[in-house]
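# Structure of the sequence below:
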Amino acid sequence: MAVKVLELHHHGIRIGPSTEDLSKALAFYRDVLGLNTDPGRPEIPGIPGYWMDFGHTQIHLMGVSGPSKYAKGERQDPTLTHVALAVPDVQEAKRELDRLGVEYWTLAGVVGPQIEQIFMDDPFGNMIELHQIGTCRCNRESAEGTETVD
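So this is what the prediction gives:
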């Protein structure tokens, strides 16, 4: 068995936190790539940025320099570049990762009171995030009727 992945939700990209960095990132993703910002992005303390809509997915631009306040270690920082995938049940995904012997770490309550995120690295050091379907603004159809965000 494997973790059941339902959708690609977002790609997280780290940018600098200065006003100049944020303006430069917004100008590129909006004016060069033609993406619109998600006006419902929550205020995440210590992480300014934008969520750029792209069809049923998003690109999350995170303004951070050095470790974020949510980092649990050098490679355990949710603001590092990562790909986020939706799973049907985050608790079931954790049980399957445990069964498979895959190392992971979690964050809960950072971007929504009921949201738990699972983070792990693939064998090449690329960070992957798993979160429960319907808890992310990344795919508006999947999140319809929810008030939580990712």
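# Give me the next element, helix or strand, following the longest helix seen in the chain.
The residue-count maximum for a helix in the chain (DSSP state H) belongs to helix 90-100. Next in sequence after helix 90-100, counting helices and strands by DSSP states H and E, comes strand 105-108.
# packing partners for that following strand?
Using 3 or more CB pairs under 8 Å, 6 or more residues apart in numbering; DSSP states H and E, the elements in contact with strand 105-108 are strand 116-121. Where you see a C-beta, it was placed from the backbone N, CA and C, and this is true even at glycine.
# tell me the secondary structure for Val124?
For the record, residue 124 is Phe, not Val. For Phe124, the assignment made with DSSP: H, G, I helix; E, B strand; the rest coil gives coil.
# Strand 116-121 and the longest helix of the chain, what's the angle between them?
Put simply, helix 90-100 runs at 30 degrees to strand 116-121, going by axes from the mean of the first three to the mean of the last three CA atoms, to 10 degrees.
# helices or strands up against helix 90-100?
So helix 90-100, by 3+ CB pairs under 8 Å, 6+ apart, packs with strand 116-121, strand 127-132.
# 10 Å instead?
strand 82-87, strand 105-108, strand 116-121, strand 127-132 (3 or more CB pairs under 10 Å, 6 or more residues apart in numbering; DSSP states H and E).
# Quick one: closest of these to Gly16.
Taking CB to CB, strand 82-87 is the member of the helices and strands packed on helix 90-100 nearest to Gly16, at 17.6 Å.
# Flag the helix or strand of this structure with the lowest per-element mean pLDDT.
Taking mean pLDDT, DSSP states H and E as the measure, strand 105-108 is the helix or strand of the chain with the lowest mean score, a mean of 88.
# Next, the buried residues of that one.
Leu107 (16 or more other CB atoms under 10 Å).
# who touches that strand?
The contact list for strand 105-108 (CB atoms under 10 Å, 6 or more residues apart in numbering) reads 70, 72-73, 75-76, 78, 90, 94, 114-121, 129-131.
# mind redoing it with 8 Å?
Tyr70, Lys72, Gly73, Gln76, Pro78, Lys94, Ile115, Glu116, Gln117, Ile118, Phe119, Met120 (CB atoms under 8 Å, 6 or more residues apart in numbering).
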